[in-house]
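Q: Fold the following and give me the result.
(4 chains)
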2 protein chains.
Amino acid sequence: MELNVTAMLRDKGFKVTPQRLAIYHMLASTKSHPSAEMVFNELQPVYPTMSLATVYKTMEILEEIGLVQVLNAGEDSFRYDANTSCHPHIRCLCCGKVEDLEGINSEAFVKNVEKSTPYRITGQQFYFYGTCPKCQANVS
Amino acid sequence: MELNVTAMLRDKGFKVTPQRLAIYHMLASTKSHPSAEMVFNELQPVYPTMSLATVYKTMEILEEIGLVQVLNAGEDSFRYDANTSCHPHIRCLCCGKVEDLEGINSEAFVKNVEKSTPYRITGQQFYFYGTCPKCQANVS
DNA sequence: GTTCCTGCAAAAGGTTTGCAAGTAC
DNA sequence: GTACTTGCAAACCTTTTGCAGGAAC
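A: Numbers count the residues shown, from 1 in each chain, chains lettered A, B, ... in the order given. Now for the predicted structure:
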């Protein structure tokens, strides 16, 4: 699923830096939908001088060139996903993790909305909220 | 669509104050999904001493007792909606307004998700992004 | 060599908190 | 009279910005 970041950055006139590659590779190799700070902490051991500001600036570029989508599942901070396909997310209200909902086909729903609104639709986000299996087990 | 706030507040052990009533009535009478600051500004002429902090504290209570739902359509701030039914929202990426998507039945989609995930689902939010008719007209 | 990028620190913007005075009941 | 609420100001947290030094090309 990992795309050629180097080519895509160059193509749009952005420079290719180790920081940008590291951030993208980290995102592309996780399913945890990390926030900027999580990415920062994860990369800290390998890039001890990297700053949070660089993470934010890089995310903006990656979003602009279509390599990353930005999520906000009702938390205080944004999360980032290198899987830019249209897929719903679910957040556990107990432990806070955000996961992909796999195997859901939302195409019909989107088509339905496109047909019934005068807006020109360019994107969508579906968020579900609940309790994950692990947290259900812990409570009961 | 306006519910009996007074009774619902008392019922949960919260006191009924003019500020709380004003905030709920303002929310219940608009379709604009205002942020805390928009509510604050709107009430300013009538309640010149009300503080932003009161708006936030009230929203938290109103959400807790199920009179308000909190939205985050990918903006910097949260928005509030006194219509707590499950309905999708759409944000115009050009002018920034957030509207309800009317006449969309998302029940089948939700059922589908509930069937295919091990999570216990307690809520959901659907956000669409695009260009509203007015902004489309302005550009072309 | 030029242009763009990084990292730092400071600023900004939205939201929360602590607390003394005030209000609901 | 008690318990909760308000409004203010300060604190907090995430994100953005300005800028000097540094890296990509």
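
Q: Would you mind pulling the contact partners of the top strand by length along chain A?
A: Identified as the longest strand of chain A according to DSSP state E is strand A:120-131. By Cβ atoms under 8 Å, 6 or more residues apart in numbering or on different chains, the surrounding residues in contact with strand A:120-131 are A:71-74, A:86, A:88-94, A:101, A:106, A:110, A:113-114, A:139, B:74, B:90, B:93, B:113, B:117, B:119-131, B:136. All C-beta spots, glycine's among them, are computed from the backbone N, C-alpha and C.

Q: Partner strands of that strand and their direction?
A: The pairing partners recorded for strand A:120-131 under DSSP bridges are strand A:89-92 (parallel), strand B:120-131 (antiparallel).

Q: Any residues of chain A in contact with DNA strand D? List them.
A: By Cβ under 7 Å from any atom of the strand, the residues of chain A that approach DNA strand D are A:9-10, A:15-18, A:35-37, A:52-53, A:56-57, A:60, A:76-78.

Q: Could you pick out the longest helix of chain A?
A: Determined from DSSP state H, the single longest helix within chain A is helix A:52-64.

Q: Mind checking the pLDDT average for it?
A: Mean per-residue pLDDT for helix A:52-64: 97.

Q: Does that helix reach chain B?
A: No. On the criterion Cβ under 8 Å from any Cβ of the partner chain, helix A:52-64 is out of touch with chain B, staying 11.0 Å away.

Q: What helices and strands are in contact with that helix?
A: Judged by 3 or more Cβ pairs under 8 Å, 6 or more residues apart in numbering or on different chains; DSSP states H and E, the packing partners of helix A:52-64 are helix A:18-28, helix A:36-43, strand A:69-71.

Q: right, so of the ones you listed, which gets closest to chain B?
A: Closest to chain B of the helices and strands packed on helix A:52-64 is strand A:69-71 (Cβ to the nearest Cβ; 6.8 Å).

Q: What helices and strands are in contact with that closest one?
A: helix A:52-64, strand A:79-81.

Q: partners of it in the sheet?
A: Here, using DSSP bridges, strand A:69-71 pairs with strand A:79-81 (antiparallel).

Q: who's in contact with the residue nearest in space to the middle of chain A?
A: With distances taken as Cα atoms, centre = their mean, A:Asp81 lies nearest the centre of chain A, 1.7 Å away. Residues near A:Asp81 by Cβ under 8 Å, 6+ apart: A:Leu27, A:His33, A:Val68, A:Gln69, A:Val70, A:Leu71, A:His89.

Q: and if you look at A:Asp11?
A: Contacts for A:Asp11 (Cβ under 8 Å, 6+ apart) come out as A:Ile65.

Q: Got phi/psi on it?
A: For A:Asp11, the backbone dihedrals (degrees, to the nearest 10) come out as phi -60, psi -30.

Q: so where is chain A shaky, pLDDT-wise?
A: Chain A contains residues with pLDDT under 70 at A:1-3, A:139-140.

Q: Close to chain B: what parts of it are there?
A: Taking Cβ under 8 Å from any Cβ as the measure of proximity, chain A contacts chain B at A:70, A:72, A:74, A:88, A:90, A:92-93, A:101, A:103-104, A:106, A:108-109, A:112-113, A:116-133, A:136.
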